[in-house]
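1. what's the 3D shape of this:
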Amino acid sequence: MVTLTGVGGVGKTRLALRAAALMQPGYGDGACLVQLSALDEGALVPYSIAEALPLADRTTRPMMDVLAEYLEDRHLLLVLDTCEHLIDECAATARELLLAAPGLSILATSRRPLGVPDEQVLIIDPLPVPDSGGGGRQDAVILLAERTARSLPGFTVTDGNRADLARLCRRLEGLPLAIELAAARLRELPAAELCERLDDRFELLGDTDAEVNDADPPWHQALRTAIGWSHQLCTPEERLLWARTSVFAGSFDDTAVAEVCSDELLPPRPSPT
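-> You can find the predicted model right below:
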């Protein structure tokens, strides 16, 4: 049992998926991903695992018994993604399955450990950022440049933008998700202007209740600021669409969005051919 922990947006899921892809050949029955972020009832955790597995059972037995029987002779890596909102249920399920299946390994992602016996906890920290003089590790700047180049071909770190990119990464505390949000905006605005807008957002945060700010780690402030700042740059129609898509508890596709979110204010547009 290995649990990747860290703040929201630090890249736990991405790291777990990468690790599972590398480790899968070493498991006779492969690896299986169970995404739990959309669940709001802990009792559904075993059913979500069963749904992710190639498991068919038409009996009325308790689902935990079905899972234990299915897994007991298998050599499998089970990835439980986003456990923090169902921590007790995920811990109980993991504990029971590990006891029943000697060949089972579980890799979990959660903002806090599950507390399972012999659990190995790996804390995922934000990326290192350059110091105020531009020195030190450049991991955050490298990620920012790589993500920006995907949507803005030819983008590179130069002597002209290096200081602004480093400042932007420091402001975002090296949080990967916040950095990716910033990279999406570098298609439209230079790094210097993005830094100024982000500074404004942080100043606005500083005017809110002090107890709330003190309670948040800086990474949470960085992510909330980056999201709010990105939202502020959306058109009114885009903001309305984001508000309406919040009704979806999990994933959704274009058809569902058109059916649920469109009206006279947001008329559906024909798909490009």
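
2. Just give me the neighbour total for residue 267.
-> The local packing of residue 267 (other Cβ atoms under 10 Å) involves 9 other residues. In short, each C-beta sits where N, CA and C put it, glycine included.

3. Just to be sure, it is in a helix?
-> No: going by DSSP: H, G, I helix; E, B strand; the rest coil, the assignment for residue 267 is coil, not a helix.

4. I'd like the distance between it and residue 245.
-> Between residue 267 and residue 245 the computed distance is 16 Å (Cβ to Cβ, to the nearest Å).

5. and after the one helix or strand residue 168 maps to, which helix or strand comes next?
-> Per DSSP states H and E, residue 168 falls inside helix 162-171. From helix 162-171 onward toward the C-terminus, using DSSP H and E, the following helix or strand is helix 176-185.

6. got a list of what residue 11 touches?
-> Taking Cβ atoms under 8 Å, 6 or more residues apart in numbering as the criterion, residue 11 is in contact with 124, 176, 177.

7. Of the residues you listed - the most surrounded one?
-> With neighbours defined as other Cβ under 10 Å, the most crowded of the contacts of residue 11 is residue 176; it has 23 neighbours.

8. Give the closest residue to that one in space, chain neighbours not counted.
-> residue 11 (4.5 Å; Cβ to Cβ, 6 or more residues apart in numbering).

9. For that neighbour, give its distance to residue 182.
-> Distance from residue 11 to residue 182, by Cβ to Cβ: 15 Å.

10. all helices for the stretch 51-200 of the chain, in order.
-> 63-71, 87-100, 139-151, 162-171, 176-185, 191-206 (DSSP state H, counting those that start in this stretch).

11. mean pLDDT lowest for which of those?
-> Lowest mean pLDDT of the helices of the stretch 51-200 of the chain: helix 191-206, a mean of 69.

12. Pretty sure residue 194 sits against residue 186.
-> Yes: assessed by Cβ atoms under 8 Å, residue 194 is found in contact with residue 186 at 6.7 Å.

13. related to what we said a few turns ago, between the contacts of residue 11, which sits nearest residue 35?
-> Taking Cβ to Cβ as the measure, residue 35 lies nearest residue 177 of the contacts of residue 11, at 16.9 Å.

14. Excluding sequence neighbours, find me the nearest residue to residue 2.
-> With Cβ to Cβ, 6+ apart as the criterion, residue 2 has its nearest non-adjacent residue at 4.7 Å, and that residue is residue 120.

15. for the one you found, what are its contacts?
-> The contact partners of residue 120, by Cβ under 8 Å, 6+ apart, come to 1, 2, 3.

16. From residue 7, how far out is it?
-> Counting by Cβ to Cβ, the gap from residue 120 to residue 7 is 19 Å.

17. just residue 179 next, same as before
-> To residue 7, residue 179 is 14 Å away according to Cβ to Cβ.

18. same thing with residue 268?
-> With distances taken as Cβ to Cβ, residue 268 is found 37 Å from residue 7.

19. for residue 59, same thing?
-> Distance from residue 59 to residue 7, by Cβ to Cβ: 42 Å.

20. okay, these two: which has more neighbours?
-> Using other Cβ under 10 Å, the more surrounded residue of residue 59 and residue 7 is residue 7, with 21 against 7.

21. is it true that the more buried one lies in a strand?
-> No: using three-state DSSP, the assignment for residue 7 is coil, not a strand.

22. I'd assumed residue 176 was in contact with it.
-> No: contact between residue 7 and residue 176 fails when scored by Cβ under 8 Å: they sit 10.5 Å apart.
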